[in-house]
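K.L.:
coordinates only, sequence not included:
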Ligand code: SF4
């Protein structure tokens, strides 16, 4: 791994978010179109399931900012009402139905929270540097439980999650490292809170596992940085940023401008297709 550039000058750190790293890992073509191509290629329409997710995240973030007496389940539902949007839904009726479902989901989750148990952070930006990377990102919630710092990530999708999702998430591991660095406290535990089911998937990383995640993040960052540099030097964009078509292309915002992705799935998913039945 090269950490020094020409004439002993330190190589510039690769600044990124965890999602930028996983974006490179998932599909370099999508990475290029998202982060490098200018003008940015035309994205598809908004997704209804993303609307539900964004509203739920916003409501739960604002909930902790309410005066103590309004931090109630009903208060959480009211915040969903305030934040509600109709982007991506098939019809106004479908949007209305999901407004109720999102309210139920957030209200139910808020009922499991202790309003007196102030988190260490809500939507807090944390960051960490290694010899290769400068990673920063915003964590949904950071809890302090019996002296232990815990990264909490809300999930609102229809798929059930497993402990392996928490254990294997590069993003969560990077958030744990960044929380430790930013808060100057140990942080090894990450949790996925699946709002539709109320399930909490928890994983405590041993130090060597966090080190492995960091090594992987560094390798991804170096690959992305090298490809970006080669592109700036006139390299072939398609060779440097290969498309990685799969069944997931139907959910890619850029499939309409990606022949390889379109060939893989035939057509984009409908904007409301990601909603649970
Ligand atoms: S459609 Fe598929 S192959 Fe094309 S950019 Fe998106 S994820 Fe990559």
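P.N.:
Cool, got the structure. The structure displayed is predicted, hence computed values, not measured ones.
K.L.:
Relative to the ligand, how far out is the residue nearest to residue 118 when sequence neighbours are not counted?
P.N.:
Excluding the flanking residues, the one nearest residue 118 by Cβ to Cβ, 6 or more residues apart in numbering is residue 64, at 7.3 Å. Just so you know, the C-beta spots here come from the backbone N, C-alpha and C atoms, and that holds for glycine as well. Residue 64 sits 35 Å away from the ligand, taking Cβ to the nearest ligand atom, to the nearest Å as the criterion.
K.L.:
show me what contacts residue 64?
P.N.:
71, 118-119, 122, 141 (Cβ atoms under 8 Å, 6 or more residues apart in numbering).
K.L.:
neighbour-wise, which of the residues you listed leads?
P.N.:
residue 141 (22 neighbours; other Cβ atoms under 10 Å).
K.L.:
ok now do residue 137, which residues does it touch?
P.N.:
Listed by Cβ under 8 Å, 6+ apart, the contact set of residue 137 reads 17-19, 125-127, 171, 174-175, 178.
K.L.:
so which helix or strand takes in it?
P.N.:
Assigned by DSSP states H and E, residue 137 falls within strand 133-145.
K.L.:
tilt between the very next helix or strand once past that strand and strand 133-145?
P.N.:
Next in sequence after strand 133-145, counting helices and strands by DSSP H and E, comes strand 148-155. Angle, strand 148-155 to strand 133-145, by axes from the mean of the first three to the mean of the last three Cα atoms, to 10 degrees: 100 degrees.
K.L.:
which residue packs closest to the residue of the chain found nearest the ligand, ignoring adjacent ones?
P.N.:
Of all residues in the chain, residue 261 sits closest to the ligand, at 2.2 Å by Cβ to the nearest ligand atom. Among residues not flanking residue 261 along the chain, residue 249 sits closest, at 3.6 Å (Cβ to Cβ, 6+ apart).
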